[in-house]
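Q: take a look and give me a structure for this.
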Amino acid sequence: MTAATTPTASGGGARAGTGAALLPSLYTDPALMPAEQELIFERTWQLAGHVSALPRAGSYTTARAGSQPVLVVRDGDERLRAYRNVCRHRGSRLLSGSGQCKGAIRCRYHGWTYRFDGTLIGVPEALAFGERLDKSTLGLLPVRVEELCGLVFVNLDPDATPLAELVGDLPERLARYRIEALEPFAQSDGGDGQPANWKIVVENYIEGYHIPIAHPGLMRMLDYKRYAVDVREHYVWFEAPLRAKPSANRLERGYARLVEPMPGLGEEDRRVWRYAFIYPNTTIDLYPDQVNTWQILPHGIGRTDDVFGSYRPADSSPRTRLVQWLNQRLNTLVLDEDVDLVDNVQQGLQTRGYVCGPLSRREQAVAWFADRIRADLAPAVASG
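A: Reported below is the predicted structural model:
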């Protein structure tokens, strides 16, 4: 979640932004939303879920890539395949949620049936279509899909750069957490959301300049002076060490005292919270006791859906489960604080005559994000 994502100093390979924030209209003008869907969300890698939802042939899950519904299924050869989630007959949504297909994907409307490789193999009363029916041209519409350390991503752009190439050394940084071997224990479909434009929510996540003022709990737990950020071309990496001095707060003190590293982690990982943000809207929160993912999705110009998942080792001990509960509780308090913050920003950005001030070095990731947004939206807006 938003805890401890606080840039202070750049690491190797850092790419600083220009230092200029986005224009207020980019957060408040509903006319820009179609351009954002087309130029950003439908051309970038979008998180579709965790491999635990796809354990065997026929397992499927569904997601959104921008405004477009997508399904991911594991085929008979154990490969992941992704398609636009629509029947080629009359446009019915094929699947919802996650689950298990029995041998094929069958539309609930008229029964058109597809192999997991997308081939149309069954049409009830096919003779009634006459020569108009050519099953070889009516397969499911394919979508790019890749797995990154147990996380499944999709991309509607057939010419997109492979995710593995974009994120460079990120898999090496994630590997120790063994995300692919974890199991889900808490999930949200984003129904509650946040009362702000999705870019405000992202920017709040990727800067910690506000933490000393707005997050007293985090300031008690985390060594703010030792926060570090490494801004790369397509992702940002954050590290936030825990303080050596115990917190005066009972929940915070209990977490720091009881937390133990998951399998694959060392003692040095016990005292640090790490975060990765993959442009434009995926976060991976890496704690000693669990891993959280968060997909930040626009829902109107002034509201954001948060698709959230928490993952832990299957054999977590009672002590570790208590620590995980404490973690969830502490981060819920932080999120409550952040919801109020982003709501205030959304309202403030609508003030006539407002022009954004300069960005601090602690907001370097915000500058990087703003540059990326400006570049992606350049075909649709003159400046921002």
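Q: walk me through the domains of the protein.
A: Here the domain parsing of the chain from automatic domain parsing is 25-44+168-377, 52-159.
Q: mind putting the ones you listed in CSV, mean neighbour count, mean pLDDT and distance to Gly19 included?
A: Yep, even glycine has a C-beta here, placed from its N, CA and C like the rest. Formatted as CSV, the domains of the chain follow (neighbours: other Cβ atoms under 10 Å; pLDDT from 0 to 100; distance: least, Cβ to Cβ, whole Å):
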stretch, mean neighbour count, mean pLDDT, distance to Gly19
domain 25-44+168-377, 18, 97, 5
domain 52-159, 17, 98, 29
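Q: hang on, Gln350 in a helix?
A: No: applying DSSP: H, G, I helix; E, B strand; the rest coil, one finds Gln350 to be coil, outside a helix.
Q: can you give me the distance of it to Glu337?
A: In this view, Gln350 and Glu337 are 22 Å apart by Cβ to Cβ, to the nearest Å.
Q: how about Trp294, nearest residue that isn't a chain neighbour?
A: Thr283 (4.4 Å; Cβ to Cβ, 6 or more residues apart in numbering).
Q: which residues sit against stretch 374-381?
A: Here stretch 374-381 makes contact (Cβ atoms under 8 Å, 6 or more residues apart in numbering) with 22, 26, 32, 35-36, 39-40, 43, 280, 383-384.
Q: ok, stretch 178-192 next?
A: 50-53, 147, 149-151, 262-264, 284, 290-291, 295, 297, 299, 305-314, 324, 328.
Q: just the ones in helices from those residues, please.
A: Among these, the ones falling in helices (DSSP state H) are 324, 328.
Q: so Thr28 touches Val345, yeah?
A: No: the pair Thr28 and Val345 does not pass the contact test of Cβ atoms under 8 Å, sitting 10.8 Å apart.
Q: picking up where we left off before, contacting residues around the residue nearest to Trp294?
A: Contact analysis of Thr283 by Cβ under 8 Å, 6+ apart lists 5, 205, 275-277, 292-296.
Q: ok, which pair from those is furthest apart?
A: Distance extremes for those: the farthest pair is Thr5 and Gln295 at 15.4 Å, using Cβ to Cβ.
Q: and the helices in this structure, which stretches?
A: When secondary structure is read from DSSP H, the chain shows helices at 25-28, 33-36, 163-167, 170-174, 198-205, 211-214, 216-221, 250-258, 318-348, 364-377.
Q: gap between the closest residue to Asn155 other than its chain neighbours and Glu42?
A: In this structure, Asn155 finds its nearest non-sequential neighbour in Arg144, 4.2 Å apart by Cβ to Cβ, 6+ apart. As defined by Cβ to Cβ, Arg144 lies at a distance of 11 Å from Glu42.
Q: also Asp134?
A: Distance of Asp134 to Glu42, given as Cβ to Cβ: 28 Å.
Q: Phe116 now?
A: Distance, Phe116 to Glu42, by Cβ to Cβ: 24 Å.
Q: go on, Ala63?
A: As judged by Cβ to Cβ, Ala63 and Glu42 stand 13 Å apart.
Q: what's the answer for Met219, then?
A: Here the criterion is Cβ to Cβ. By it, Met219 lies 39 Å from Glu42.
Q: swap in Ile179?
A: Distance, Ile179 to Glu42, by Cβ to Cβ: 26 Å.
Q: equivalent analysis for Val339, please.
A: Counting by Cβ to Cβ, the gap from Val339 to Glu42 is 27 Å.
Q: right, I'll leave it there.
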